[in-house]
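> Predicted model, plus sequence, below.
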4 protein chains.
Amino acid sequence: MRLHVPVPVRWSDLDAYEHVNNARMLTLLEEARIAAFWSDPDADAPTAVLETGPGAPTVTLVAAQRVEYLAQIPYHREPLDVELWIGKLGGASLQVFYEVYSPVGEQPRTSYVRAATTIVLADRESGAPRRINDSEREAWLPYVEEPLTFRQQ
Amino acid sequence: MRLHVPVPVRWSDLDAYEHVNNARMLTLLEEARIAAFWSDPDADAPTAVLETGPGAPTVTLVAAQRVEYLAQIPYHREPLDVELWIGKLGGASLQVFYEVYSPVGEQPRTSYVRAATTIVLADRESGAPRRINDSEREAWLPYVEEPLTFRQQ
Amino acid sequence: MRLHVPVPVRWSDLDAYEHVNNARMLTLLEEARIAAFWSDPDADAPTAVLETGPGAPTVTLVAAQRVEYLAQIPYHREPLDVELWIGKLGGASLQVFYEVYSPVGEQPRTSYVRAATTIVLADRESGAPRRINDSEREAWLPYVEEPLTFRQQ
Amino acid sequence: MRLHVPVPVRWSDLDAYEHVNNARMLTLLEEARIAAFWSDPDADAPTAVLETGPGAPTVTLVAAQRVEYLAQIPYHREPLDVELWIGKLGGASLQVFYEVYSPVGEQPRTSYVRAATTIVLADRESGAPRRINDSEREAWLPYVEEPLTFRQQ
């Protein structure tokens, strides 16, 4: 199952070429991960939770990323539609995949970006990597899907 | 031959984890590319020039990127030492590789990041991709080296 | 009448002090202005429109800004509540005022920032300043309120 | 006496209007403050030191800012020339003033920005404001000059 995360674009995400800057796209993917995986004390918590976020005992570190930019992204008032799922669930790491599309309802639907982020969990205090625990694994299993295949690079 | 580009870190490149943010690293790589490849009307022009930059007829578009984060990057007053070279020189695209190290002179020398960017050239007006021309190819050939091999992702 | 604009905070708006960075606050105010004043071809257009935004014949230039930071802003999952109004409506410029509050519903309501931006309108092609026209003035009049008074600086 | 701080512009500091974004200018001023005032354990320490920076017991908090944008700033390969001085040295706060000019050597010299930042010192652990101590006051006195006068806002 894929999560659909609406991610707003800021006007200042555009660079002098008037499209969303390539580096800023990774900030948008970071926002999608946070919306999807961070634990939320409130009632509208996402189902796929991770005990991280400000003050939590676990931090998530980005170990690797891959991005393919398929089309230039102009300014949009409406949030981009980011599909997000887990491609690999390892012992101490997981791999998040994304497909970034034009805002919901916009025709035709444009596929802008395909990407992957390898994340490792670490203890906030010690900085030491830690293994994914059972409750996390259980929460995430419904979101495990086939990984994307990237063009050779 | 590899170019060595000093790339200053800004304090605001750090995120709430007090290390350089993963997305911001791509901005630092962008700065390294610009310093290395953009044409400069002034006397101190780099030898590996590209007729791009503000107002130039060619724009460079990022088609794909890969990054491996090997160690967290704390704040540095001195610029990071970015090694940069061309791994593949295609007909209408090139692939830039990077190894990002701690500032020159700092001991021990830390390898922070390994990365690659696939770039295509396009005409500023039409947006159409264009082929690498002979003078560009000649200017870049000395900087072609073996590509990096990344861990499987 | 004041507009209430919900402005989402990104995690990367936090700096190494784990609060929203002082410069980034101006990006959040920029987003509030855009949401409030830019024309929107779609049905859900705001009432206070300005014929600007990507591709429009008018650009808005920031001539001056003033910001008072009253309290540090931690990460919020919910959007900040930005109150926004026009303090002065001149011949070719206007002054936008803001009060930035904690997300709607959060108790107690915290006042984080008070700010003002002086904006001038300019023709996109020529770059020349242009006067506020009658339809803009009419659209904006309901949002004119008393300006904020700032501490001496 | 005014300090002259060279502050590099990044290409991504430009927004879709192809000039340095108004919010990003405050990041450039932040970099100028850091270069001028942060203590440096190395031999090339600036004379006007502040016991702050990563890991130091004091943090600097921005209480207020004022900026006047006099001219649009295009991309520059060479660093902007930021003049920086102290306009007011209070008991627990200081006010830093700036004039931002085109890169050294560029003709004609353009004045882009005039700005002021009110800074308070705070203890990193407790967050409580603290008074400027004698050694800081002594180090800063040579850099106290007449404050700028801003247009009415």
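Perfect, thanks for sending it. Numbering: from 1, shown residues only, chains lettered A, B, ... in the order given.
> for A:Thr27, helix, strand, or coil?
What DSSP: H, G, I helix; E, B strand; the rest coil gives for A:Thr27 is helix.
> Stretch A:91-106: how far from the chain's middle?
How far stretch A:91-106 lies from its chain's middle: 5 Å, per CA atoms, centre = their mean, to the nearest Å.
> ends of it, how far apart?
39 Å (CA to CA, to the nearest Å).
> in chain A, which helix or strand is least confident?
helix A:134-140 (a mean of 87; mean pLDDT, DSSP states H and E).
> by contact count, what packs against it?
strand A:80-89 (3 or more CB pairs under 8 Å, 6 or more residues apart in numbering or on different chains; DSSP states H and E). In this view, the C-beta of every residue, glycine as well, is placed from N, C-alpha and C.
> Quick one: name whatever helix or strand follows the strand it packs on.
Note on strand A:80-89: by DSSP states H and E, the next helix or strand toward the C-terminus is strand A:93-101.
> Point to the residue nearest the middle of chain A.
In chain A, the residue lying closest to the centroid (CA atoms, centre = their mean) is A:Arg33, at 3.4 Å.
> Got the confidence number for that residue?
Predicted confidence (pLDDT) for A:Arg33: 93.
> now swap in A:Pro41 and tell me
Looking at A:Pro41, its pLDDT is 48.
> again with A:Pro46
At A:Pro46, the pLDDT value in this model is 42.
> thinking again about what came up before, which SS class is the residue nearest to the centre of chain A?
helix.
> In chain A, what residue spans correspond to helices?
In chain A, the helices defined using DSSP state H lie at A:22-37, A:134-140.
> hey, which of those is tucked in deepest?
helix A:22-37 (a mean of 23; mean count of other CB atoms under 10 Å in any protein chain shown).
> Got phi/psi on the closest residue to A:Glu106 other than its chain neighbours?
Closest residue in space to A:Glu106, ignoring its immediate chain neighbours: A:Glu78 at 7.2 Å, by CB to CB, 6 or more residues apart in numbering or on different chains. With angles defined as degrees, to the nearest 10, A:Glu78 sits at phi -90, psi 150.
> Provide a list of residues in contact with A:Glu78.
A:Glu78 is in contact with A:103-106, counting by CB atoms under 8 Å, 6 or more residues apart in numbering or on different chains.
> interface residues of chain A facing chain B?
Among all residues of chain A, those adjacent to chain B (criterion: CB under 8 Å from any CB of the partner chain) are A:16-17, A:21-27, A:29-30, A:54, A:59, A:61-69, A:72, A:95, A:116, A:118, A:150-151, A:153.
> Filter the residues you listed down to the buried ones and hand me the PyMOL line.
Filtering the residues of chain A next to chain B down to the buried ones (16 or more other CB atoms under 10 Å in any protein chain shown) takes a single PyMOL command:
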select buried, chain A and resi 16+17+21+22+23+24+25+26+27+29+30+59+61+62+63+64+65+66+67+68+69+95+116+118+153
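> From chain C, how far off is the nearest residue to A:Gly87 once chain neighbours are set aside?
Closest residue to A:Gly87 apart from its sequence neighbours, by CB to CB, 6+ apart: A:Pro147 at 3.3 Å. Counting by CB to the nearest CB, to the nearest Å, the gap from A:Pro147 to chain C is 25 Å.
> try A:Glu18
For A:Glu18, the distance to chain C equals 7 Å [CB to the nearest CB].
> Is it correct that that residue is in contact with D:Ala16?
Yes. Counting by CB atoms under 8 Å, A:Glu18 does reach D:Ala16; the two are 4.6 Å apart.
> which regions of chain A sit below the pLDDT cut-off?
A:39-56, A:153 (pLDDT under 70).
> repeat that with 50
A:41-49, A:51 (pLDDT under 50).
> Residue numbers of it in contact with chain D?
Checking chain A against chain D by CB under 8 Å from any CB, the hits are A:11-12, A:14-16, A:18, A:21, A:23-24, A:75.
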